[in-house]
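> I'll drop the sequence and a predicted model, then ask my questions.
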Amino acid sequence: MASLGSFTRSAARATFSAYRRVPIKWRLAGGSAMLTCVILASFATIVGVLTERQLRGQFNDEVRSNADQLAQKLRPSLSWAGNTGLLDGCNHTVRLRDYASAEHVQVRIFNQAGLLLCTQNNVKVKGVKFPTTTPAFPLPDHAGTFEQGGYRVDARQLDVQDSPVWLLYARPLSDVDHTLARVHLILLLGVVGGTVLALLAGLATAARAMRPIKQLTETAREIERTRDPTLRVPEPEADDEVAELARTLEGMLGSLGAARGDTHAALERQREFVADASHELRTPLTSLLANLELLAEELDGEQADTAQAALRSARRMRRLVGDLLLLARADARRTQSRGPTDLADVLLEAASELGPMAEDHELSIDARPAVAPGVRDDLHRLTLNLIENAARHTPPGTHIRASTAVENGAAILTVEDDGPGIPAELRNRVFERFVRGPAAGTRGSGLGLAIVRAVADSHGGTVALEQPEPGPGTRFVIKIPREAAADTAEAPPEPAVTGRRRR
């Protein structure tokens, strides 16, 4: 019993869970249709029962009435034909066929011995006695009505010259059964048709009722797509629950818009502060570096080593401040004046600046003229970060190749190496800030490639990471559009400057 109860509860929970997954429009229409079906089925059952009682009662009354009429006609007309045992007046004075043909009635007249004397299909012939046959209906013990062999039979005695006979008037029950079957079919079709119509009407009503919610959904999707909380939410005409929901969503969007504006203003103030602070830090850092350089030249011994360590830390701080200033300027969308800049010159300057750092690597330079409008210092920082990143994160002896070119109206800068490559889990995050590989340890700030992307974006260009699969190596491709440099007079093409630095 416990297992049966548990199974019943599980089945009920599964049914309820499946019902909750049905769309609300179908639940509303289905509930309306089921309620209509129950009402119509109850009404049809009551009508069917009452109709059946009424029709069967009328049928029984007709059988008794017709039997009474026939008996009244036969009583004065029947007589015995001498000693022949035949009846006079049967199918002669009163034609039984006239009472039987219209409604498939069966009429039988028997004597007390059970011999068939006359039917609606027999004509009396004097001197001929009907053979003894098994009657279609057994002789009753007393007069009355009963059902036998699919007929409603009315039996009564008629006195013929002091010798009674039995008159059996039978009408088939199929007549009333066929009528009841048609009534039941009509009621069933009414129930089914009413249920289907209720379902369709429920769907139409539910769709109309859900139309304001659909409009709210479309507006919410548009807000999600555009991320614009200022869009108005349509308010239904009726002051109902849907209108209350629309007003609630409108208020929520207004609050979110206000919060978004406050957050945006706070972020803008923060970006402005970082940009201004980074800019202001450059002046004291420059002064500090100058004083440390003079101090390192004047001191000797351990004091000079201490001054050199402080000088290295100050230089690292100056570079970090410069990176933060560049990123803050990009976040604040502060633009600087741009001019025609040849990426080939920028590449040669960056490679010469990183010469000591790349001593244990093979650095190949293929600098072809590639003029594009840009900020020279920012492009220099971009190129420097790419080459430094390749030298810092690859083992000694790695071959690093850097080149510039012009392709499809864009200046191209390519930096690649044949090192171990970037781990797969970091490929989609290498351009995010403060992301460092597992082998980087504590080296670097994790801002190098973020600065590369910020500079490329600020110049309207793109940066792409291309890594062969399978196989080691990393390849960064920077594309800067040259449209703004079209009005600038360019010098005749110069021969490419190539170079190689070995270990």
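Sure, I can see it.

> surely Leu74 meets Tyr169?
No: the pair Leu74 / Tyr169 is not scored as a contact, 10.5 Å apart, by C-beta atoms under 8 Å. Using the backbone N, CA and C atoms, a C-beta is placed for each residue, glycine as well.

> Please, where are all the strands along the stretch 101-250 of the chain?
106-110, 116-119, 144-148, 151-160, 163-172 (DSSP state E, counting those that start in this stretch).

> Any idea which of those strands has the lowest pLDDT on average?
For the strands of the stretch 101-250 of the chain, mean pLDDT drops lowest on strand 116-119, to a mean of 76.

> Quick check: neighbours of that one in the sheet, parallel or antiparallel?
When pairs are called by DSSP bridges, strand 116-119 turns out to pair with strand 106-110 (antiparallel).

> May I have the strand it pairs with exported as PDB, CA atoms only?
Below are the C-alpha coordinates for strand 106-110, written out as PDB (Å, rounded to 0.1, in the frame of the first residue of the first chain):
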ATOM      1  CA  GLN A 106     -46.500  -8.600 -35.800                       C
ATOM      2  CA  VAL A 107     -50.000  -9.900 -35.000                       C
ATOM      3  CA  ARG A 108     -50.600 -13.500 -33.800                       C
ATOM      4  CA  ILE A 109     -53.900 -15.200 -32.700                       C
ATOM      5  CA  PHE A 110     -53.600 -18.500 -30.800                       C
END
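
> okay, the angle between that strand and strand 151-160?
Interaxial angle of strand 106-110 relative to strand 151-160 (axes from the mean of the first three to the mean of the last three C-alpha atoms, to 10 degrees): 40 degrees.

> tell me the secondary structure for the residue nearest to Asp378 when sequence neighbours are not counted?
Counting by C-beta to C-beta, 6 or more residues apart in numbering, Val455 is the residue found nearest to Asp378 once chain neighbours are left out, at 4.7 Å. Using DSSP: H, G, I helix; E, B strand; the rest coil as the criterion, the local structure at Val455 reads helix.

> quick thing: my sequence starts at 18, can you match it?
Got it, the first residue is 18 from now on, which makes the last one we talked about Val472.

> could you pull out the helices for the stretch 18-167 of the chain?
19-37, 41-91, 113-117 (DSSP state H, counting those that start in this stretch).

> my bad, the stretch 218-367 of the chain
Under DSSP H, counting those that start in this stretch, the stretch 218-367 of the chain gives helices at 258-315, 318-348, 360-370.

> winner for burial among those helices?
Of all those, helix 360-370 carries the top mean neighbour count, a mean of 20, counting by mean count of other C-beta atoms under 10 Å.

> Can I get it as CSV, trimmed to CA atoms?
Extracted in CSV, the C-alpha atoms of helix 360-370 (Å, rounded to 0.1, in the frame of the first residue of the first chain):
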residue,chain,number,x,y,z
LEU,A,360,54.9,52.0,-39.0
ALA,A,361,58.2,51.0,-40.5
ASP,A,362,60.0,53.8,-38.6
VAL,A,363,58.1,53.0,-35.4
LEU,A,364,59.1,49.3,-35.7
LEU,A,365,62.8,50.1,-36.2
GLU,A,366,62.8,52.5,-33.1
ALA,A,367,61.0,49.9,-31.0
ALA,A,368,63.4,47.1,-32.1
SER,A,369,66.5,49.2,-31.3
GLU,A,370,65.1,50.2,-27.9
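
> relative to helix 360-370, how tilted is the next helix or strand after that helix?
Next helix or strand after helix 360-370 toward the C-terminus (DSSP states H and E): strand 379-384. Angle of strand 379-384 versus helix 360-370, following the same axes, to 10 degrees, is 160 degrees.

> Specify the residue ranges that define each domain of this protein.
If you go by automatic domain parsing, the domain ranges for the chain are 92-192, 258-332, 356-518.

> export these to JSON lines and tack on distance to Leu52?
Below are those laid out as JSON lines (distance: least, C-beta to C-beta, whole Å):
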{"stretch": "domain 92-192", "distance to Leu52": "37"}
{"stretch": "domain 258-332", "distance to Leu52": "22"}
{"stretch": "domain 356-518", "distance to Leu52": "55"}
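
> Would you tell me which of those domains gets closest to Arg70?
domain 92-192 (14.8 Å; C-beta to C-beta).

> where does the chain have its least confident helix or strand?
strand 514-518 (a mean of 49; mean pLDDT, DSSP states H and E).

> if we can go back for a sec, would you mind finding the most buried of the domains of the chain?
domain 356-518 (a mean of 17).

> Show the pLDDT at Thr151.
40.

> ok, now Leu72?
For Leu72, the model assigns a pLDDT of 91.

> repeat for the one 10 residues further on
Turning to Ser82, the model gives it a pLDDT of 88.

> same thing with Ser59?
Reported pLDDT for Ser59: 93.

> How much space separates it from Ala221?
Here the criterion is C-beta to C-beta, to the nearest Å. By it, Ser59 lies 25 Å from Ala221.

> element containing Arg446?
With DSSP H and E as criterion, Arg446 is part of no helix or strand.

> For it, list the residues it contacts.
The contact partners of Arg446, by C-beta atoms under 8 Å, 6 or more residues apart in numbering, come to Val452.

> Please determine how far it is located from Gly268.
From Arg446 to Gly268 the distance is 38 Å (C-beta to C-beta).

> Between the two ends of stretch 181-198, how far is it?
End-to-end span of stretch 181-198 (C-alpha to C-alpha, to the nearest Å): 40 Å.

> follow-up on the earlier one: the residue nearest to Asp395 and Leu343 touch, don't they?
Yes: at 7.2 Å, Val472 counts as touching Leu343 under the criterion of C-beta under 8 Å.

> joint contacts of those two?
What both Val472 and Leu343 touch, as defined by C-beta under 8 Å, 6+ apart, is the set 395, 398.

> pLDDT score assigned to the closest residue to Glu483 other than its chain neighbours?
Take Glu483 and drop its neighbours on the chain: the residue closest to it by C-beta to C-beta, 6+ apart is Arg492, 4.2 Å away. Arg492 is assigned 89 on the pLDDT scale.

> what bridges to Arg492?
Glu433, Glu483.

> who's in contact with the nearest residue to Tyr168 once chain neighbours are set aside?
Computed as C-beta to C-beta, 6+ apart, the closest residue to Tyr168 that is not its neighbour in sequence is Ala187, at 4.0 Å. Counting by C-beta under 8 Å, 6+ apart, Ala187 touches 122-125, 153-154, 165, 168-171.

> now do 6 Å
Residues near Ala187 by C-beta atoms under 6 Å, 6 or more residues apart in numbering: 123, 168, 170.

> try Ala327
Counted by C-beta under 6 Å, 6+ apart, Ala327 has contacts Leu309.

> Need the per-residue pLDDT for it.
82.

> Tell me the helix or strand right after the one helix or strand Asp395 maps to.
Using DSSP H and E, Asp395 sits in helix 393-409. Counting by DSSP H and E, the next helix or strand C-terminal to helix 393-409 is strand 416-424.

> Any idea what Gly356 is bridged to?
Gly391.

> What distance do you get for it to Asp78?
Applying C-beta to C-beta to Gly356 and Asp78 gives a distance of 116 Å.

> do the same with Val209
Counting by C-beta to C-beta - Val209 and Asp78 are separated by 33 Å.

> Settle it for me: which of the two has more neighbours?
Val209 (13 against 10; other C-beta atoms under 10 Å).

> Give the full set of residues in contact with the more buried one.
Contacts of Val209 (C-beta under 6 Å, 6+ apart): none.

> tell me the pLDDT at it?
Reported pLDDT for Val209: 93.

> ok, now the one 10 residues further on?
What the model reports as pLDDT for Gly219 is 85.

> Next: Arg418.
90.

> Equivalent analysis for Gly131, please.
Predicted confidence (pLDDT) for Gly131: 75.
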